[in-house]
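1. Show me how the following folds:
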Amino acid sequence: MSQKNETTVLVLSLLITVGLVGAGIWWLIPKSNPDPKPSSQPQPSHTVENFAQAPNVPEGLFSYGGSTTWAPIRKEVDSAIQTVWPQFRLRYTDPTSGAPGSGTGIKMLLENQLAFAQSSRSIKQEEYQQASQRGFTLKEIPVAIDGIAIAVHPTLNISGLTVAQIKDIYTGKITTWKQVGGPDFPIKPYSRRIKEGGTIEFFVENVLEGGEFGANVEFISTTTQALQEVANNPGSIYYASAPEVVPQCSVRSLPIGRQADRLIPPYQEPFVPLSQCPGQRNQLNAQAFQTGDYPITRRLFVIIKQNGQIDEQAGEAYAGLLLTNQGQKLISNTGFVSIR
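-> As a prediction, this is how the structure comes out:
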């Protein structure tokens with residue numbers, strides 16, 4: 001064989017060897033997903049200690065609104081944000097028509113009436129579609145954990161309810177307390193209307209499993225009014241965000257469970273007798289909410305309009321502030337459960 005041919009063979013052999021080694025190395029290196037799904041875990045500011053260290057907080061006046069469940073956060077946490085970032089001015093805005101709630105807040109966001117919205121439920125598919133038709137996308141960032149608590153009259157002698165029993169009460173299949181181990185008198189269920197908030201939409205979808213309210217359900221405009229009715233009517237029942245129910249002095253929150261032999265209280269045990277309230281109040285069972293042992297839990301979301309404008313920056317900054325260590329601690333102080 002000529003020297004030229006020998007050189008050619010050596011070069012080809014070297015190229016093949018390098019290629020095989022490179023392919024082996026490539027195969028051994030872990031590869032990332034080319035099309036990863038969005039994480040359901042909160043991402044912004046997970047290492048930021050306090051509000052003062054939060055990045056990219058814009059200046060200006062930003063209207064926001066939505067879920068009534070968020071009222072304690074707006075009162076306590078948002079006021080603390082304003083103290084540290086006075087130039088990041090937040091203005092809560094009620095809808096021009098209809099009751100405030102998660103659905104109306106997202107609707108106002110879609111109609112460019114808000115910079116960002118607060119919601120006690122996830123974005124619906126039709127809301128994503130409406131945003132797409134308007135040339136932008138919606139994004140939800142979870143910032144806290146909440147649960148639905150069941151309120152009854154303090155004198156009602158019943159140990160608790162299963163989720164299935166709650167469903168049957170609100171769809172009209174169970175009409176007396178005797179049917180669930182209680183006294184022999186009628187059940188009077190109260191609810192807000194389906195279009196009046198994310199709590200009701202969540203309850204219908206996750207507890208009633210899409211079923212309709214029974215004919216015996218009486219609709220009340222606000223949780224405050226409903227709890228007053230429960231306090232005055234021994235046969236009544238109502239559901240609402242746990243921080244709105246558990247600390248109350250005039251009603252009792254029931255343990256609930258997926259099975260009758262494992263009922264989980266929404267309050268920390270032992271139960272504080274209502275006679276000691278308001279000096280002592282029942283506290284939220286945060287551990288059961290975080291672990292999911294309590295069967296009716298949900299997340300609270302900041303809803304952001306992704307349009308590349310300052311409103312998007314404001315929503316991202318607000319969610320980031322709530323996810324700082326300081327924000328999560330303040331959220332816990334308001335009665336909700338920190339998400340991390």
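2. and this structure, what are its domains?
-> 51-145+298-338, 147-295 (automatic domain parsing).
3. now these as TSV including mean pLDDT and mean neighbour count?
-> Where C-beta positions appear, they are placed from N, C-alpha and C, glycine not excepted. Output for the domains of the chain, formatted as TSV (pLDDT from 0 to 100; neighbours: other CB atoms under 10 Å):
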stretch	mean pLDDT	mean neighbour count
domain 51-145+298-338	96	19
domain 147-295	96	18
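4. Roughly how far does the residue lying closest to residue 59 once chain neighbours are set aside sit from residue 54?
-> Once flanking residues are discounted, residue 59 sits nearest to residue 87: 4.3 Å by CB to CB, 6 or more residues apart in numbering. Plainly put, residue 87 is 13 Å away from residue 54 if you go by CB to CB, to the nearest Å.
5. you'd agree residue 321 is in a helix?
-> Yes - the assignment for residue 321 (DSSP: H, G, I helix; E, B strand; the rest coil) places it in a helix.
6. in terms of contact, does it touch residue 57 like I think?
-> Yes - using CB atoms under 8 Å, residue 321 makes contact with residue 57 at a distance of 7.3 Å.
7. Name the residues contacting each of those two.
-> Counting by CB atoms under 8 Å, 6 or more residues apart in numbering, the common neighbours of residue 321 and residue 57 are residue 85.
8. What separation do you get for the nearest residue to residue 127 once chain neighbours are set aside and residue 249?
-> Nearest non-adjacent residue to residue 127, counting by CB to CB, 6+ apart: residue 106, 5.5 Å away. Distance of residue 106 to residue 249, given as CB to CB: 34 Å.
9. Return the residues in contact with the residue nearest to residue 127.
-> 66, 117, 119, 123, 127, 138, 303.
10. Helix or strand: which one has it?
-> Following DSSP states H and E, one finds residue 106 within helix 102-110.
11. neighbouring strands for the helix or strand following that helix, and are they parallel or not?
-> Heading C-terminal from helix 102-110, the first helix or strand you meet, by DSSP H and E, is strand 116-119. For strand 116-119, the paired strands and their directions (DSSP bridges) read strand 60-66 (parallel), strand 297-306 (antiparallel).
12. Just send these back as TSV, with distance to residue 149 too.
-> Output for the strands paired with strand 116-119, formatted as TSV (distance: least, CB to CB, whole Å):
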stretch	distance to residue 149
strand 60-66	21
strand 297-306	11
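13. And these: which comes nearest residue 160?
-> Residue 160 lies closest to strand 297-306 among these, at 16.3 Å (CB to CB).
14. how far does that closest one sit from the chain's center?
-> Centroid separation for strand 297-306 versus its chain: 7 Å, with CA atoms, centre = their mean, to the nearest Å.
15. how about the CA coordinates for that strand, as PDB?
-> Extracted in PDB, the C-alpha atoms of strand 297-306 (Å, rounded to 0.1, in the frame of the first residue of the first chain):
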ATOM      1  CA  THR A 297     -57.500  22.600  50.100                       C
ATOM      2  CA  ARG A 298     -56.600  24.900  47.300                       C
ATOM      3  CA  ARG A 299     -54.000  27.500  46.300                       C
ATOM      4  CA  LEU A 300     -54.200  31.200  46.000                       C
ATOM      5  CA  PHE A 301     -52.900  32.700  42.800                       C
ATOM      6  CA  VAL A 302     -51.600  36.000  41.500                       C
ATOM      7  CA  ILE A 303     -52.900  36.300  37.900                       C
ATOM      8  CA  ILE A 304     -50.600  38.100  35.500                       C
ATOM      9  CA  LYS A 305     -51.200  39.500  32.000                       C
ATOM     10  CA  GLN A 306     -48.200  38.700  29.900                       C
END
